[in-house]
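In: coordinates for the following, if possible.
(3 chains)
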Amino acid sequence: MDRFRLNQVSQRAFASLQRHVTRRQMMQGAAAVGLASIGTRAAGKATFAQDAAAPEGKIVISLASEPASLESWYAYSTIGVAPLRNVFEALLNRDPVTNELVGELAESWEWLDDQTIEFKLRPGVTFHDGTPFNAEAAATSLNWTWDPETAFDIIQFQGPQISAEAVDELTLRVSTESPDPILPNRLYFSPIGSAEQIKNDPDSITDTPIGTGPYKFVAWNRGQNLELTANEDWWGNANPDAALGAQRIKDVEYVWRDESAVRASQVNAGEAQIARFLAPEDCETTPTCHKAPSIETPTLRLDTMHPTMGDIRIREAIGLAVDKQELADALFGGADVATQMVGPSATGYNPDLEALPYDMERATALVQEAAADGVDISLPITVAVRGGAYPRVEEMGEYVAQQLQQIGLNAVTEIIEPAAYEEQFTIGQPNVAKDRGWIGTNSHGNELMDVGGTASGYYRCNGSVSTYCNEDLDAMIDAANPLTGDERDAAFQDITATFMADIPVVPLIHLPNYYGLAEGVTWTPRLDGFMLVKEMTLGG
Amino acid sequence: MSASTLTRTTVAAADAVNNLRAPTRQGRLAFLWQALRMDRLALLSSVVLLAMILIAIFAPAVAPYDPAKQSLSMRNDPPMTRPAPDAFPYVMGADALGRDVLSRLIFGARVSLAVGATSVLISGLVGATLGLIAGYYRGSVDDVIMRAVDVWMGFPSLLLALIVLYVTGAGFWNVVLVLAVTRWMVYARVTRSLVLSYRENVFVEAARATGCTDREIITRHLLPNLLSPILVLATLETATIILIEASLSFLGLGLPLSVPSWGLMLAQGREYVTTAWWLVTFPGLAILITALALNLLATWARAVTDPAQRWRFARKMKPAHR
Amino acid sequence: MRRLVHSVVVLLGLVVAVFFFTHMLGDPARLMLRPEATAEQVEAVRDRLGLNDPLHEQFFRFMGGAVRGDFGESIWQRAPALPIMLDRLPNTLYLAGITILIAIPLAALLGIVSALRPGSLIDRASTVVGLAGVSIADFWLGLMLILFFAVNLGWFPTSGFGGPQYVILPALALMVRPLGRISQVIRSSMLDQLGQPYVTTARSKGLSERVVVTLHAMKNAAIPALTLIGDETAALLNGAVVIETVFGWPGIGLLLIQAIERRDLPLIEACVFAIAVMIIFANLLVDLAYTFFDPRIRYT
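Out: Model prediction:
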């Protein structure tokens, strides 16, 4: 879960957000406020009337963990994005309603060729340290972020090497080593920090963020809180429509608590106004509970080289033995059952696939049939859980193990320490020991909104997280990778169908996120998980 | 050690034992029983512990339900919910996977007691042996052992266990060994000081004078005298070990998931502390009751078996009754 | 002093052992990246973290730094580990300090009064506290305190760090054990002293003499308690790890758990080092206190 969620969600997924929010709020009896806000937003592109009033009041937001660093690039991460994206802005943002990429620090952009985009930057923007934001500053910051030498964790979201150069004061060119059709998606979560600071005071970067955003840094009391305050010189104050938000709140404080129950009670006790990433039952205790879809898909990944799970009947039986709907309702507060490793928003999502039904009888019969054919069903199978990987994963692991025991497999759950888990999980298909017998329980985050990424990781023989090998499928993926548009979509739909037919994975559900809001606070969670204070109001 | 807590009844019991002479083994047992009967708290503790041990041994027969039987539809159901209209209720409620908390507690008793007893056995054997060697042979051996004990004592045992378990991973034997490694010093200290005091005793001197070997002196004269104080200490330590094991499981480093230990139940229930109080309350109470019973029993046993304390409290009786 | 020198040597050894222990498994770089990250991307991050250097080079780099109090850069927080740890240190000292400052005088009071008045209400109360101290799981007590006083009654914040209201519940949870153990030891060593002939004689002589002698007995009774206080300080840091986790208290204990979870070696080392120094310091204080209570003990 400590990963960035880039939610380019289709109309269909967005409709499901509205459905969830509406239902939730009616249950809470707080329909008036929420429905009104959805009403205006659903009407079309978001508009923000000029807000003449000075920002006032303070909001406390309770997060699940403390940011590890306050560097600008770290605003890409699930943890860092909540505070940092209010301090830093990027060339692009997403419209909170349509989820389309829109200009933030860039006013417009166009592809010069398949490797280069030219951005026209917003004039009159300054960093919090008073230095001007221009093409030179943007290039310095972007090149620092993607520098192969520094190897910041954000490199995992880089395709071909990214580089930026200033053409004139407000014209910036960003290019890639080789064609990269989703470069704008990557730049959307690559925030821009002060070039002055990068050049002359690099030591302060980790604890003193200097961006262009609506909120500027006040203090970081490590282990305790992080404080921001409204930036009166923010460009958005003069241009609220382009800013897609307004400074209605003056001060922002972030606190962090490990336990969902504690975060919820902070909201209920008035210690915080918004609690992030709650468990469904804790969220229900808060005055307003928002449920938002995410692009995470918890999945059972089966070791197909294992003598027992190598038999497709066993793999099918495992899929049949898990009651995905019950799991979604009991543990995740209701969620859509997944039919594949990605959601409908991704290119290459195959709408024709269906989840295996819950059928213990058939599952048991399949196991017995396989056993009769000489498959050794007594070999140990480990439902491997990375502790804390996502909420309720431990319970899900225990549930799966019990279901598999009931159909006659020798399964146990094991909670594995994160580092040890990741090491085994990413060992690569050719290196997996035949007798390992893992059922991995990772959640696949489809940040790049394209099955291409999922395929290279999970579908291929040499994928870093693959436990499956089918050379024909590899060839299909190779052929599909250079394609674009509808051709690409069709090719990857085909690939997904072929992959899923072999059941190397059992996708479970599409994971929702829960946020608890205090009385009077209005805010609609974004599909990408950003928590922009400029989109919040305190009310009252 | 602490917990030299003595109630008035304990004092009376100690006095009773003190005044009775018990030449035979059978006689001693009879006196112990008599002393136990005189201390209601100690009696209650032994009944509780005995019950706990029996429940642990016969867990499958005692538990109303299979502790591993899940039912997502019963997730976090409150105490006294019935899985079916006529079925025996889940007296202590259901956990996050719809398992019967009471049955899990009953099977958890097995784990906690097994971890406690095994670790205490290992650390007791190792610690007492080292203490015996240090105290009997003195000199540089003593120096080395006791210096190690001092340093070991000073380091927070939980931290040590934490780091070792992160490397070795969870598991019954890993936990048992780690706990033994972090607790042996207590026995070494106590045994050594006991040996030192007996070593210069007349009967040991006499034995040496008559040409007994070291081995004979240790096995015939020292060990019998060491046994009861070490047993008392072991009882106290069992309580400590059960608490540490719970802490380790609570931090996610104890026993594997398939074993329902009390600490693990607490760790799993912690997330629901505000929504399902029974998940944390009952396992915590089980730990408390067990540790309390062990401590009370140890206190009583010490008063009864320790000649120094017997003497002291027999005297103290008088001012107390003024 | 000899004891001190030895502790320093062995605890340094421990820091070294932790280095090798934690280097034996897991790859922090893997933890920071998505599972789908390519091998090259993982390698780049490993290079940045210096994890690709031979183990002995990493070790000498670490030891060279550790001697100067430089544990290297925290992998998780991307800043030098020592200042991060020092940032949290006052919070642990604050919690442990409050706990000790209340627990020791209170324990002394309970112990002395219950020794002077065996069987009284206070004696029985201190017996209960003594038993609770060794029988209750401190983290469970913490959870129960949160459930009752924070969630149900709303008197205190559920967790976190801030004004005085934040320290009460964690200090209470942390206090039970030292309070119980120390009061019991003081009680029994007081009883021991009161049984000595000099006290019995004084008793027969009259009140003023009795007061003087009782004070003298108290001073003598303090010595066994001091040994225990030294050990209890170590135990308190044990407790702090769990209690800080339960209450989200931003001290060294919570930091250590977080560092271990993220396999942040420099930070783990810095925390272990801090805890070791605190223990040494506590033992030093105890040693000094010995010389105060017992003039026969002199350290040269």
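In: and the stretch 1-150 of chain A, which residues reach chain C?
Out: A:3, A:68-69, A:71, A:148, A:150 (CB under 8 Å from any CB of the partner chain). C-beta here means a position set from N, CA and C on the backbone, and glycine is covered the same way.
In: among these, which ones lie close to chain B?
Out: The subset of these within reach of chain B, by CB under 8 Å from any CB, is empty.
In: top of the residues you listed by neighbour count?
Out: In terms of neighbours by other CB atoms under 10 Å in any protein chain shown, the residues of the stretch 1-150 of chain A next to chain C top out with A:Glu71 at 25 neighbours.
In: confidence-wise, which of the residues of the stretch 1-150 of chain A next to chain C comes last?
Out: Of all the residues of the stretch 1-150 of chain A next to chain C, A:Arg3 carries the smallest pLDDT score, 36.
In: returning to that earlier point: would CSV of the residues of the stretch 1-150 of chain A next to chain C with secondary structure be doable?
Out: Below are those laid out as CSV (DSSP: H, G, I helix; E, B strand; the rest coil):
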residue, secondary structure
A:Arg3, coil
A:Ala68, coil
A:Ser69, coil
A:Glu71, coil
A:Pro148, coil
A:Thr150, coil
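In: nearest to A:Phe127, of those residues?
Out: Using CB to CB, A:Glu71 comes nearest to A:Phe127 of the residues of the stretch 1-150 of chain A next to chain C, at 14.8 Å.
In: name the residue closest to the centre of chain C, please.
Out: A centroid search over chain C (CA atoms, centre = their mean) returns C:Leu237, at 2.1 Å, as the residue closest to the centre.
In: who are the contact partners of that one?
Out: Taking CB atoms under 8 Å, 6 or more residues apart in numbering or on different chains, we find C:Leu237 in contact with B:156, B:159, C:92, C:96, C:253, C:275, C:278-279.
In: still on that earlier bit, from the residues of the stretch 1-150 of chain A next to chain C, which is closest to B:Leu266?
Out: Nearest to B:Leu266 among the residues of the stretch 1-150 of chain A next to chain C, with distances taken as CB to CB, is A:Ala68, at 28.8 Å.
In: so the longest helix belonging to chain B, near chain C or not?
Out: Of all the segments of type helix in chain B, defined by DSSP state H, the longest one is helix B:101-137. No. Residues of helix B:101-137 contacting chain C under CB under 8 Å from any CB: none, with a closest distance of 11.2 Å.
In: what residues sit buried inside that helix?
Out: For helix B:101-137, burial by neighbour count (16 or more other CB atoms under 10 Å in any protein chain shown) applies to B:101-113, B:115-120, B:122-124, B:126-128, B:130-136.
In: for the following helix or strand past that helix, C-alpha coordinates in PDB please.
Out: Sequence order places helix B:139-154 as the next helix or strand after helix B:101-137, per DSSP states H and E. This file holds the C-alpha atoms of helix B:139-154, laid out as PDB (Å, rounded to 0.1, in the frame of the first residue of the first chain):
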ATOM      1  CA  GLY B 139      37.400 -17.800  41.300                       C
ATOM      2  CA  SER B 140      37.700 -16.700  37.700                       C
ATOM      3  CA  VAL B 141      34.800 -19.000  36.500                       C
ATOM      4  CA  ASP B 142      32.600 -17.200  39.000                       C
ATOM      5  CA  ASP B 143      33.900 -13.800  37.800                       C
ATOM      6  CA  VAL B 144      33.200 -14.600  34.100                       C
ATOM      7  CA  ILE B 145      29.700 -16.000  34.700                       C
ATOM      8  CA  MET B 146      28.500 -13.300  37.000                       C
ATOM      9  CA  ARG B 147      29.900 -10.500  34.900                       C
ATOM     10  CA  ALA B 148      27.900 -12.000  32.000                       C
ATOM     11  CA  VAL B 149      24.900 -12.200  34.200                       C
ATOM     12  CA  ASP B 150      25.200  -8.500  35.300                       C
ATOM     13  CA  VAL B 151      25.500  -7.300  31.800                       C
ATOM     14  CA  TRP B 152      22.800  -9.500  30.400                       C
ATOM     15  CA  MET B 153      20.500  -8.400  33.200                       C
ATOM     16  CA  GLY B 154      21.100  -4.800  32.300                       C
END
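In: the contacts of C:Leu237: which two are farthest apart?
Out: Across these (CB to CB), the longest gap, 14.2 Å, separates B:Leu159 and C:Ala96.
In: can you tell me which residue of the stretch 351-500 of chain A sits closest to chain C?
Out: At 2.8 Å from chain C, A:Ala419 is the closest residue in the stretch 351-500 of chain A, using CB to the nearest CB.
In: mind listing what C:Phe247 touches?
Out: The contact partners of C:Phe247, taken as CB under 8 Å, 6+ apart, are C:142, C:146, C:159-160, C:169-170, C:173.
In: the bottom helix or strand of the chain by mean pLDDT?
Out: In the absence of a named chain, chain A is used. Of all helical and strand segments in chain A, the minimum by mean pLDDT, DSSP states H and E falls on helix A:31-42, at a mean of 34.
In: fine by me, thanks again.
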